[in-house]
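[1] Sequence isn't available, so here's the structure alone:
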């Protein structure tokens, strides 16, 4: 049984590639999807498509319209969501995607370092499970196939 | 027509009282609900009810279970949601509540300062409207009655 | 049993007042809601609240955000929808509201002149019933109480 | 990941063929569906199946019953919707399909010329994104695969 | 706790008045709603509102549009449904209303004479309970208040 | 695009085989499902599995539990429903299946002879379209592929 | 804001009266509903209404049909669910009601003694919170009003 | 037509292997899924992934978080549910899974020995059918293909 996994979280390093590599090592039949990970493209996609906007707010709103359409398509297709939080960045998109997934009854795994226990406590409690590393998140997914 | 408004956001100052006072001035038939605003109580409610927990994570998880039940009851009863973001705190609960509300098709107004345009751009784009002050949020609600 | 009726349609004449007066004459326990009928206010509400926008598109998008929030709140509260089409104006909002209402399983009555049979045929067929005058629409509602 | 795209809009020229050709050029794994594009067939299908009807209204109602069944089947199967508006025709079906899609949480792209900003402002605001050309709409879809 | 009860079934005798009288005797806080019980009005309401139709099928279709709108409004408001089957008439409306109610998760009681066990067996099995008299149906409702 | 079609209706003649043969002639990529068509098996399946029951009602209830499970599985998988009514039999199962399908937003075609216009008028009005022959129903389905 | 609370659990002692008394002491605006607590009536209600059944299974099935209708009506009306587990009885109804409530997105509190941690662990984890006494459950509800 | 069947129930013997073997004998195109059947792994999986927990309750809660995620993924994918009850163990998970499945409109078969008629009567009445052996459950599934 193949499953589709949405990887919510920051797009500033290659954590998704690590997840994919580890899933391959474990031979898990998982397809991973997620937000645009080329950061500049993610910021510029609105103006790339619609042309120059009259200011920062309008540029950002145009980009986020395209980003949100992408997420809506891919999240709807997903069977499970992994949402990674780290110590940098605001990460409100991660919280937004995790909360949308939970509200849509998508099983959701949160990954966050120990330092973030307190500010994430309500979201952690709503998610199915909270772990500290992507390895642990993959162990949770591997358990579905055991 | 009376409406119930959930006020999501930080609980470190009295912004909800300001909202309520302004709604009263405008004679808007609104009932406001929201999270527990006594910060210590919000952090301690789990241990208050369940007794001492074996560590920080467990204390926080117990508190958030009670906080989440409260929010689930009150959000379900609400007709509109106002979610306030500011420059302090992680505010992942605010993002979580706003995203849950949007996914449940609750009309949602985001209030955030100009400085937060970029990190909130996707959530702003998903919400019905984003404004910069609670006065503006109340003007949006007042418009329903005009 | 009181019912709430959403009156979708153009806001350029006083047809909603006529509907309300006729419902009162018939002593029907109906509460009517609908879009903002002050046309200038409906066009300007975005800039009224958010301040001047950098162009026509942005002014319109800001106004429509507020108008859509209003409609979403009031349509959700409604038990029945009357959607009036006439020979003037594009009336895509009317089609949008009627289609949203039908998709939400709200019983929907379309009012349109004979001249519009052909371009409205698919929407008419999806609605519960199509009539030619608001008097007929009110007769349909009166029938619920007979 | 293959996606199904419903192409809502007028059926008087070959814009859908252009969309399909461009998607093929870009090697996007998209399947396009949409309403009946043979205009006469779309108007006559009711009488073709049910026999002659007693007048224009009845002929149109019969045709739209078949057209609506087709749309309901194909829209339900779709992952994304593109709704094209132009300067000719009433295009209430396009508004109806776009609004139904949005209400069903189908990600929706509106394509419309600059001249139609004002009358489409509420629908544009409810859709995920509004662009001016089908090329732009395809760039939005291409972004899902980047 | 007041409950609204939809009384589905034939409209050729006064069984609904009996149900209401018995509920009153038992002091049950129930409000009863149901289809139009004036048979001629139910058949003629389409032409009454829309004017003469070009034949029997069209007259019936017009009437049923109004009847269905009424049922859709009232069924949506109901907490419980009683569906009465007897030995006369086709009673497909009764089966339609009971099946719609069950699919909408409305608790549903079927009343039918012993002779109809076999042809109603699948619908009986889907309903919450099947009884033989309206007295028994009211005992079921009375049990909610015990 | 392959579609699954549920064929609701009586099980006393081979009308489903005719539908399948005609769909094959037209090369329509349709898979047909439906209720158990071996009439005795349909009546006896409860006792076949559960053993002898203490009377007619209990035998019928046991059989209908198995029949309803089958229908629930197959109807959920279906994209379109054809419901055939004829002049013989009570056919409450057909009305039940059609009404359940419509309430589940499954596009539904009713096939009935002219004689049944009046007693089926409300169900016909709720369905997408009503025709008089299975050939016409297949023409409706063929239209999806044109 | 008044809330309705469904009290799921065994019906062999007066724990519901204790809950109601304590809620009154605390002046909480709660209305409590729940299953039939007269045990004999709960077992006999099927035969009371339908007459003698041909054996234990049939008697029980008849009673449970009436009990389930009651629960379905009252659970649908409820805003919160408290499910009490103790050391005696099978209590599958309690697990059934709690699981149905959770699946319907009703906030749910489980009350169980320490001895039952292990066998209830999955249900506890799905519920909003698990406590050991009804006093604690009421403290959770009281927190909504603080 | 392939179907996915979730096998809810105790994990202390090999009843699932028997079900699979019998389905294979009958050549039924069924895929079976279910909870983790290695009992120790099921109890320890929380600590295996998250590390040692501060006590029995916390160990169990961690394990159940992983078990519940697995069940949520697999139940969502399933077309039918078989829930087996026996005379040993509390089996609240079985009741929880069966009730969740029924609430999600998954067709559900309960298997239980005669001795458990009384304590399971409400759950049996809500399920599609209750049988006494897994052979009977498979006969029910085989009937879908006849």
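    Received it, and whenever you're ready, just let me know what you need. Just so it is clear, the structure is predicted and the values come from calculations on it, not from any experiment.

[2] Got phi/psi on residue A:90?
    When read as degrees, to the nearest 10, the backbone of residue A:90 gives phi -70, psi -40.

[3] That one and residue B:122 touch, don't they?
    No: using Cβ atoms under 8 Å, residue A:90 makes no contact with residue B:122, being 11.0 Å away. Just so you know, the C-beta spots here come from the backbone N, C-alpha and C atoms, and that holds for glycine as well.

[4] So for those two, which sits in the more crowded spot?
    Taking neighbours as other Cβ atoms under 10 Å in any protein chain shown, residue A:90 and residue B:122 compare with residue B:122 leading, 24 against 17.

[5] how near is that one to residue H:140?
    47 Å (Cβ to Cβ, to the nearest Å).

[6] remind me which residues of chain A are low pLDDT?
    The model of chain A has no residue with pLDDT under 70.

[7] relative to its centroid, which residue of it is most remote?
    residue A:54 (29.8 Å; Cα atoms, centre = their mean).

[8] Near chain C, which residues of chain A are found?
    A:54, A:55, A:58 (Cβ under 8 Å from any Cβ of the partner chain).

[9] Can you list which of the residues you listed are found in helices?
    Per DSSP state H, helices hold the following members of those: residue A:58.

[10] now the closest residue to residue A:85 other than its chain neighbours: how far from residue D:70?
    Distance criterion Cβ to Cβ, 6 or more residues apart in numbering or on different chains; nearest residue to residue A:85, sequence neighbours excluded, is residue A:112 at 4.0 Å. For residue A:112, the distance to residue D:70 equals 48 Å [Cβ to Cβ].

[11] and what of residue A:18?
    According to Cβ to Cβ, residue A:18 and residue D:70 sit 46 Å apart.

[12] related to what we said a few turns ago, check contacts around the residue nearest to the residue farthest from the centre of chain A when sequence neighbours are not counted.
    Counting by Cβ to Cβ, 6+ apart, residue C:54 is the residue found nearest to residue A:54 once chain neighbours are left out, at 3.7 Å. For residue C:54, the contact set (Cβ atoms under 8 Å, 6 or more residues apart in numbering or on different chains) comprises A:54, A:55, A:58.

[13] coming back round to it: state whether the residue nearest to residue A:85 and residue A:132 are indeed in contact, as I suppose.
    Yes: counting by Cβ under 8 Å, residue A:112 does reach residue A:132; the two are 6.9 Å apart.

[14] So which of those two has more stuff around it?
    residue A:112 (24 against 17).

[15] which residues touch residue A:18?
    Residue A:18 neighbours (Cβ under 8 Å, 6+ apart): residue A:134.

[16] do residue A:76 as well
    A:104, D:79, D:105 are the contacts of residue A:76 under Cβ under 8 Å, 6+ apart.

[17] what about the first one, neighbour count?
    Spelled out, it's residue A:104. With other Cβ under 10 Å as criterion, residue A:104 counts 16.

[18] Pretty sure it sits against residue A:72.
    No: counting by Cβ under 8 Å, residue A:104 does not reach residue A:72; the two are 10.5 Å apart.

[19] Could you pull out the buried residues of the helix or strand containing residue A:65?
    Residue A:65 belongs to helix A:56-77 when assigned by DSSP states H and E. Buried residues in helix A:56-77, counting neighbours by 16 or more other Cβ atoms under 10 Å in any protein chain shown, are found at A:57-75.

[20] Paired strands for whichever helix or strand comes after that helix, with orientation please.
    Using DSSP H and E, the next helix or strand after helix A:56-77 towards the C-terminus is strand A:80-84. Paired neighbours of strand A:80-84 in the sheet (DSSP bridges): strand A:3-9 (parallel), strand A:108-111 (parallel).

[21] Could you dump those into JSON lines and include mean neighbour count?
    Output for the strands paired with strand A:80-84, formatted as JSON lines (neighbours: other Cβ atoms under 10 Å in any protein chain shown):
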{"stretch": "strand A:3-9", "mean neighbour count": "23"}
{"stretch": "strand A:108-111", "mean neighbour count": "27"}
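
[22] Can you add distance to residue G:36 and give those strands back as JSON lines?
    Below are the strands paired with strand A:80-84 laid out as JSON lines (distance: least, Cβ to Cβ, whole Å):
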{"stretch": "strand A:3-9", "distance to residue G:36": "43"}
{"stretch": "strand A:108-111", "distance to residue G:36": "38"}
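
[23] Skipping adjacent residues, who's closest to residue A:92 in space?
    Nearest non-adjacent residue to residue A:92 (Cβ to Cβ, 6+ apart): residue B:95, at 4.4 Å.

[24] Would you check that that neighbour makes contact with residue A:95?
    Yes: checked against Cβ under 8 Å, the pair residue B:95 and residue A:95 is within contact range at 3.8 Å.

[25] need the residues of chain A near chain D, please.
    A:4, A:31, A:33, A:36, A:38, A:41, A:45, A:48-50, A:62, A:65-66, A:68-70, A:72-74, A:76-77.

[26] buried set for stretch A:137-146?
    A:137, A:138, A:139, A:140, A:141, A:142, A:143, A:144.

[27] Out of the contacts of residue C:54, the closest to chain C would be?
    For the contacts of residue C:54, the residue nearest chain C by Cβ to the nearest Cβ is residue A:54; the value is 3.7 Å.

[28] Tell me the spacing between that closest one and chain H.
    45 Å (Cβ to the nearest Cβ, to the nearest Å).

[29] Same check on residue A:66?
    With distances taken as Cβ to the nearest Cβ, residue A:66 is found 29 Å from chain H.
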